[in-house]
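S.K.: Compute the structure for the input listed below.
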Amino acid sequence: MIVIYTDGAAKGNPGNGGYGVVLLYKNHRKELSEGFRLTTNNRMELLAVIKGLEELKVTGLPVTIFSDSKYVVDAVEKGWLWNWQKKGFKGKKNVDLWKRYIPLHLKYKPSYRWVKGHAGNRENERCDQLAVAAAEGLSLQVDHGYEALTSGGIF
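M.R.: As a prediction, this is how the structure comes out:
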C-alpha cells in the first residue's frame, strides 16, 4: 500500500501559503513542499493531495491519503465532487484544482482517512512543518489559478 500524508497552510487566508506531502511505500519515503505568494488554505490542502498523486509512478496499488482537511476528504468521500462536476462546478471554488484532481482520482482510486490536525500524528505534523516552512520561504511561486480569479486577468 502507498500512504500519502498531506497538509496545506496559508498565512492570512488568502495570503502566502504552502503545502507539505509525505509519501510512504515499504521502506521508501519522499517529502514534497512548495510555497506560493498568494493563495488559500483550501487550495493548498487540495494541491498537496494532487502533488502527492502526481508523484506516483505505478498504478494498481492501493493508495490511502491521510489529510486533516474536511474540505478535501468530505468532497471526495461524501461524493460532493461528482455532483459539483455534473453541475459544471457552478458557484464552486478551486475549479482548476478539482479538474486537475479528477483524472488522478480515476487513475489511482485513493481512499481517504481524515486525521485531526495538530494532534500529535507524526506524519501529519511533519506535513504541517513542510507546508508552513514553504509558505514562509523566500522563493514563493505564483498560484496562477487563484491570482487569475482575484485579479480579473487570465494570468
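S.K.: What is the lowest-mean-pLDDT helix or strand in the chain packed up against?
M.R.: Ranked by mean pLDDT, DSSP states H and E, the weakest helix or strand in the chain is helix 144-151, scoring a mean of 82. Judged by 3 or more CB pairs under 8 Å, 6 or more residues apart in numbering; DSSP states H and E, helix 144-151 is in contact with strand 28-39. C-beta: built from backbone N, CA, C; applies to glycine.
S.K.: could you check the angle helix 144-151 makes with the strand it packs on?
M.R.: 10 degrees (axes from the mean of the first three to the mean of the last three CA atoms, to 10 degrees).
S.K.: Identify all contacting residues around strand 28-39.
M.R.: Residues outside strand 28-39 that contact it (CB atoms under 8 Å, 6 or more residues apart in numbering): 10, 14-23, 44, 51-52, 55, 126, 130-131, 133-137, 139-143, 146-147, 150.
S.K.: can you pull the buried residues of it?
M.R.: Leu32, Ser33, Glu34, Gly35, Phe36, Arg37, Leu38, Thr39 (16 or more other CB atoms under 10 Å).
S.K.: Now for those residues: which two are most distant?
M.R.: Based on CB to CB, the longest span within these runs between Leu32 and Leu38 and measures 20.4 Å.
S.K.: As a check, name the ranges of all helices in the protein.
M.R.: Assignment of helices within the chain using DSSP state H yields the ranges 41-54, 70-77, 80-86, 95-108, 122-135, 144-151.
S.K.: Buried deepest among those, which one?
M.R.: helix 41-54 (a mean of 24; mean count of other CB atoms under 10 Å).
S.K.: just checking, what packs against that helix?
M.R.: Partner elements for helix 41-54 (3+ CB pairs under 8 Å, 6+ apart): strand 2-11, strand 15-25, strand 28-39, strand 63-67, helix 70-77, helix 95-108, helix 122-135.
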